[in-house]
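Asks: Give me the fold of what follows.
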Amino acid sequence: MSRFHIVNDDTIARGGCTDVYFARCEEVLEKEGKNPRVTVEVTTTGVPGGRGIFCGLDNALALLEGLPVDVDAMPEGSAFYPREPVMRIAGRYRDFGRFETALLGFLCHASGVATAAARIKGAAGGRQVYSFGSRRQHPAIAPMIERAAWIGGVDGVSNTTAPPGIPVVGTMPHAYVMCHASPEEAWIAFDRHMPPGVPRLMLCDTFGDEKEECLKAAETGVATAVRLDTPRSRRGDMRAILEEVRWELDTHGHGDVGIFLSGGITEEDVLAYRDIVTAFGVGGAIANAQVIDFSLDIVEIEGRACAKRGKWSGTKQVWERPDGLHTILPVSVPGPADAAPMLVAQVRAGTIVGDTGMEAARARVLALL
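Replies: Below you'll find the predicted structure:
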């Protein structure tokens, strides 16, 4: 085990990170000489809000690359609904069965983050949303979290390990302000030393009343926005605080200074304050989002439709109409004339043939929003 209790890439890639019953059953099947050709599908029976955003395909394909399997899946950033297969794998069971644990982990976690990010971005009504959840997650998975949040539609992320191409943003911590003789000294020093492209978002609730510190920040002449990070234990009526701050900024001639809100922000907060807040920094509501409870189930064995109780047997295709409506049909049945198949080729005989581009996935989500 590593110093930080992290499983390394090689262990995951060889199937060493799995639930023990997969390893045990693989041993029994091998001794019995059984290795049927199967088709499995990845589905879920429930999605927060009724619609999810599919994410984590890049890791899933990297895991399955080189195995003697064919994989079809929805492109990342696609919307999906309960019971719809988001991925289909065809091959001999023992060749990929032990990878189920890691495969579902990739898809469940990343799809949960992307779905939460998309819901919050949609709720923001055009306001900017940033992923600020690095401290709410294990640092080893920060790049995955930020990638999924970016695909989900956020406008930037805070963690410095985010994949290339994602804007990395941030303001200042309370500790920074406390390292100076006064908040004013901290704000002016920040402006003096930060490059021009770094937004001058001044943290304004370290010592005093939010209104008081926001006015002081605006009066320095360097603030483009003031940031309130007041914890829930001190908020009181947050709506009243925001309205008071906005009123005082406007009354004193600082109408061009925006308000940035962070600190335990939820989707409900975004809906409640989006008319008065310029941008939101969202932490745990994205980084610790509810996972999508995907499962992987056999739907065909040796060419015969077969499924356990509660699952629909047979290989299926999901068809999407121009208006976004979906239809699930057996793969042998032609789809509606105006619809396109959503599960497309991703791996053929172990070779990746699909596109896992991050920006294309994000564009799909933004189009939905």
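
Asks: going forward, measure contacts and count neighbours with C-alpha atoms only.
Replies: Will do.

Asks: Quickly find the element holding residue 175.
Replies: Per DSSP states H and E: residue 175 is located in helix 174-178.

Asks: List of residues touching that helix?
Replies: For helix 174-178, contacts defined as Cα atoms under 8 Å, 6 or more residues apart in numbering pick out 183, 186-187, 203, 206.

Asks: Residues contacting the helix or strand following it, please?
Replies: Toward the C-terminus, helix 174-178 is succeeded by helix 183-193 as the next helix or strand (DSSP H and E). For helix 183-193, contacts defined as Cα under 8 Å, 6+ apart pick out 176-177, 179-180, 200, 202, 204, 206, 213, 216-217, 220, 222.

Asks: Return the list of strands paired to whichever helix or strand comes after helix 183-193, each annotated with direction.
Replies: Using DSSP H and E, the helix or strand that directly follows helix 183-193 along the chain is strand 201-203. Strand pairing for strand 201-203, using DSSP bridges, gives strand 225-228 (parallel).

Asks: Which pair of the contacts of helix 174-178 spans the longest distance?
Replies: 187 and 206 (12.0 Å; Cα to Cα).

Asks: And these two? Which one has more around it.
Replies: residue 187 (24 against 19; other Cα atoms under 10 Å).

Asks: what's the distance between the more buried one and residue 217?
Replies: 7 Å (Cα to Cα, to the nearest Å).

Asks: what residues are shared contacts of the two?
Replies: residue 202.

Asks: Looking at this protein, which helix is longest?
Replies: For the chain, the longest helix by residue count, based on DSSP state H, is helix 100-123.

Asks: Would you indicate which residues of the helix or strand just after that helix are buried?
Replies: Using DSSP H and E, the helix or strand that follows helix 100-123 in sequence is strand 128-131. Counting neighbours by 16 or more other Cα atoms under 10 Å, one finds that the buried residues in strand 128-131 are 128-131.

Asks: Distance from strand 128-131 to the middle of the chain?
Replies: Chain-centre distance of strand 128-131: 12 Å, with Cα atoms, centre = their mean, to the nearest Å.

Asks: what pairs with that strand, and is each one parallel or antiparallel?
Replies: Strand 128-131 has its sheet partners listed here by DSSP bridges as strand 156-157 (parallel), strand 279-282 (parallel).

Asks: What's the mean pLDDT across that strand?
Replies: For strand 128-131, mean pLDDT is 97.

Asks: what comes into contact with that strand?
Replies: With Cα under 8 Å, 6+ apart as the test, strand 128-131 has contacts from 120-121, 146, 149, 154-158, 169, 278-283, 286-287.

Asks: 10 Å instead?
Replies: 117, 120-123, 145-146, 149-150, 153-159, 167-170, 260-262, 270, 274, 277-287 (Cα atoms under 10 Å, 6 or more residues apart in numbering).

Asks: A strand includes residue 66, no?
Replies: No. Going by DSSP: H, G, I helix; E, B strand; the rest coil, the assignment for residue 66 is coil, not a strand.

Asks: which residues does it contact?
Replies: Contacts for residue 66 were tallied using Cα under 10 Å, 6+ apart; they are 347-352.

Asks: And for residue 286?
Replies: Each residue near residue 286 by Cα under 10 Å, 6+ apart is listed here: 112-120, 130-134, 136, 145-146, 148-149, 152, 154, 265-267.

Asks: again, only this time at 6 Å
Replies: By Cα atoms under 6 Å, 6 or more residues apart in numbering, the contact set of residue 286 is 113, 116-117.

Asks: One more: residue 60?
Replies: Per Cα under 6 Å, 6+ apart, neighbours of residue 60: residue 103.

Asks: May I see the buried residues of the helix or strand where it lies?
Replies: Using DSSP H and E, residue 60 sits within helix 57-64. Neighbour counts over helix 57-64 (16+ other Cα under 10 Å) mark 57-61, 63-64 as buried.

Asks: low-scoring pLDDT stretches of the chain, where are they?
Replies: Scanning the chain for pLDDT under 70 picks out the ranges 1, 230-235.

Asks: can I see the domain layout of it?
Replies: Domain assignment for the chain, taken from automatic domain parsing, gives 9-113+290-368, 170-287.

Asks: could you dump these to a markdown table with distance to residue 140?
Replies: Formatted as a markdown table, these follow (distance: least, Cα to Cα, whole Å):
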| stretch | distance to residue 140 |
| --- | --- |
| domain 9-113+290-368 | 12 |
| domain 170-287 | 13 |
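
Asks: before we move on, back to that, ranking the contacts of residue 286 by neighbours, who comes first?
Replies: When neighbours are taken as other Cα under 10 Å, the top entry among those is residue 113 (34 neighbours).

Asks: That one contacts residue 289, correct?
Replies: Yes. With contact defined as Cα atoms under 6 Å, residue 113 reaches residue 289; the gap is 5.4 Å.

Asks: all helices of the protein, in order?
Replies: With DSSP H, the ranges of helices along the chain come out as 9-13, 20-32, 57-64, 93-96, 100-123, 142-151, 174-178, 183-193, 210-219, 232-235, 238-251, 267-273, 284-287, 358-368.

Asks: partner residues bridging residue 298?
Replies: Residue 298 has the following beta-bridge partners by DSSP bridges: residue 40.

Asks: and it, what does it touch?
Replies: Going by Cα under 6 Å, 6+ apart, residue 298 touches 39-40, 307.

Asks: Kindly present those residues as TSV, with separate columns for distance to residue 29.
Replies: Below are the contacts of residue 298 laid out as TSV (distance: Cα to Cα, whole Å):
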residue	distance to residue 29
39	17
40	18
307	19
